[in-house]
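In: here you go, sequence then predicted model.
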Amino acid sequence: TQASSGGGSSSSILGFAALAAAAGGGYYYYTNQQGAAPAPAATASDASKVDVAAIKNEIASMLEDENHDDGSYGPILVRLAWHHAGTYDKNSNTGGSDGAAMRFEPEAGWGANAGLHTARAILEKVKKNHPEISYSDLWSLAGNTAIEEMGGPELPFRLGRKDKPSDCKALPDGLLPDADGRDKKDKPADHLRDIFYRMGFNDQEIVALSGAHALGRCHPNGSGYWGPWTRAPTTFSNEYFRLLLDEKWTKKTTHEGKPWTGPEQFEDKTGDLMMLPTDISLIQDDKFRPWVEKYAKDEELFFKDFAKAWTKLQENGVKAFA
């Protein structure tokens with residue numbers, strides 16, 4: 001998701017903040033600001049001991065919370081899984097869901113990851129109960145589980161991701177997309193291509209993955225953007241595509257009776273829903289728009305294509321799967 005899904009959001013497919021960890025054979029811990037107790041960290045999942053179904057059930061049981069955003073941690077767990085995997089670079093074969101390096105600085109503090117400490121903290125409880133699974137596998141499994149529990153397609157999953165030690169080589173910031181198109185604000189569709197082509201995705205897959213914006217909302221204290229994409233932000237559907245086509249989207253100028261001072265975003269006629277510049281680019285670009293139209297008409301096709309693209313995202317760069 002480019003901006004946020006529950007708990008915050010960032011302008012780079014999005015934004016939140018910080019956790020740190022000391023791992024290797026050691027212990028995972030939150031920063032002093034988070035103040036959590038240490039928990040043992042595994043390097044790789046022990047496949048002979050991991051009960052995937054039991055872990056999925058535990059994650060599913062934790063999703064609902066009436067005090068969090070729209071009553072579910074589902075969207076923010078999807079966002080964690082996406083940002084966790086969306087660092088992949090096919091040219092250098094670096095990044096991807098192997099490693100769980102967001103446990104450490106500097107990746108934990110990237111603007112795109114602002115607010116994701118909430119998701120990591122939720123899953124820390126599961127990790128304590130199931131130390132046999134790696135953080136890397138757990139985060140990907142949590143994203144899959146959340147999508148399925150919110151009504152999305154069944155998603156294949158396999159163990160094999162390994163956690164990196166705390167002294168691992170840091171990835172450069174800027175690997176995740178920016179909602180405003182970054183250096184291509186006049187043509188944010190090209191910015192999306194820069195980011196997703198680097199990961200090995202094509203135009204159809206870019207649009208399919210963008211459909212995850214049916215979930216969650218943006219937060220001014222995270223990305224600076226405000227609002228949900230749909231009126232059912234905890235339900236996985238093709239509604240995002242239908243709204244892109246059916247609603248009239250205009251630049252937001254006011255918010256709660258005052259001038260809007262946040263970054264450029266678009267709103268529907270009610271002002272209740274929003275779209276980011278990169279979202280709007282999907283209907284302005286001649287190659288993206290046909291896929292938006294197909295998915296708006298055919299949810300079954302969207303689910304099928306999303307499942308393939310999402311699984312590719314979650315498995316890109318995993319050395320055990322090579």
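Out: Received it, and whenever you're ready, just let me know what you need.

In: what about the strands in the stretch 201-322 of the chain?
Out: Listed from the start of the chain, the stretch 201-322 of the chain has strands (DSSP state E, counting those that start in this stretch) covering 217-218, 227-228, 250-251, 254-255, 258-259, 266-267, 274-275.

In: now do the helix ranked longest in the chain: which elements does it pack against?
Out: Under DSSP state H, the helix in the chain containing the largest number of residues is helix 299-315. In this structure, helix 299-315 makes packing contacts with helix 74-85, helix 135-149, helix 203-210, helix 289-297, judged by 3 or more C-beta pairs under 8 Å, 6 or more residues apart in numbering; DSSP states H and E. All C-beta spots, glycine's among them, are computed from the backbone N, C-alpha and C.

In: what is the neighbour count of Asn129?
Out: As a burial measure, Asn129 scores 11 neighbours (other C-beta atoms under 10 Å).

In: distance of it from Gly262?
Out: Between Asn129 and Gly262 the distance, using C-beta to C-beta, to the nearest Å, works out to 40 Å.

In: could you export the strands of the stretch 201-322 of the chain as TSV, including mean neighbour count and distance to Asp65?
Out: As requested, the strands of the stretch 201-322 of the chain are arranged in TSV below (neighbours: other C-beta atoms under 10 Å; distance: least, C-beta to C-beta, whole Å):
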stretch	mean neighbour count	distance to Asp65
strand 217-218	28	15
strand 227-228	22	17
strand 250-251	11	34
strand 254-255	12	26
strand 258-259	7	30
strand 266-267	20	27
strand 274-275	23	23
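
In: dump the ones you listed to JSON lines, plus distance to Leu116 and mean pLDDT.
Out: Shown next, in JSON lines, are these (distance: least, C-beta to C-beta, whole Å; pLDDT from 0 to 100):
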{"stretch": "strand 217-218", "distance to Leu116": "14", "mean pLDDT": "94"}
{"stretch": "strand 227-228", "distance to Leu116": "18", "mean pLDDT": "96"}
{"stretch": "strand 250-251", "distance to Leu116": "28", "mean pLDDT": "98"}
{"stretch": "strand 254-255", "distance to Leu116": "25", "mean pLDDT": "96"}
{"stretch": "strand 258-259", "distance to Leu116": "29", "mean pLDDT": "96"}
{"stretch": "strand 266-267", "distance to Leu116": "25", "mean pLDDT": "98"}
{"stretch": "strand 274-275", "distance to Leu116": "20", "mean pLDDT": "98"}
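
In: could you dump the ones you listed into a markdown table with distance to His68 added?
Out: Below are the strands of the stretch 201-322 of the chain laid out as a markdown table (distance: least, C-beta to C-beta, whole Å):
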| stretch | distance to His68 |
| --- | --- |
| strand 217-218 | 11 |
| strand 227-228 | 14 |
| strand 250-251 | 30 |
| strand 254-255 | 22 |
| strand 258-259 | 26 |
| strand 266-267 | 24 |
| strand 274-275 | 20 |
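
In: which pLDDT value belongs to the closest residue to Ala232 other than its chain neighbours?
Out: Once its chain neighbours are removed from consideration, Ala232 has its nearest residue in Glu239; the separation is 6.4 Å (C-beta to C-beta, 6 or more residues apart in numbering). Note for Glu239: predicted pLDDT of 98.

In: thanks again, I'm all set now.
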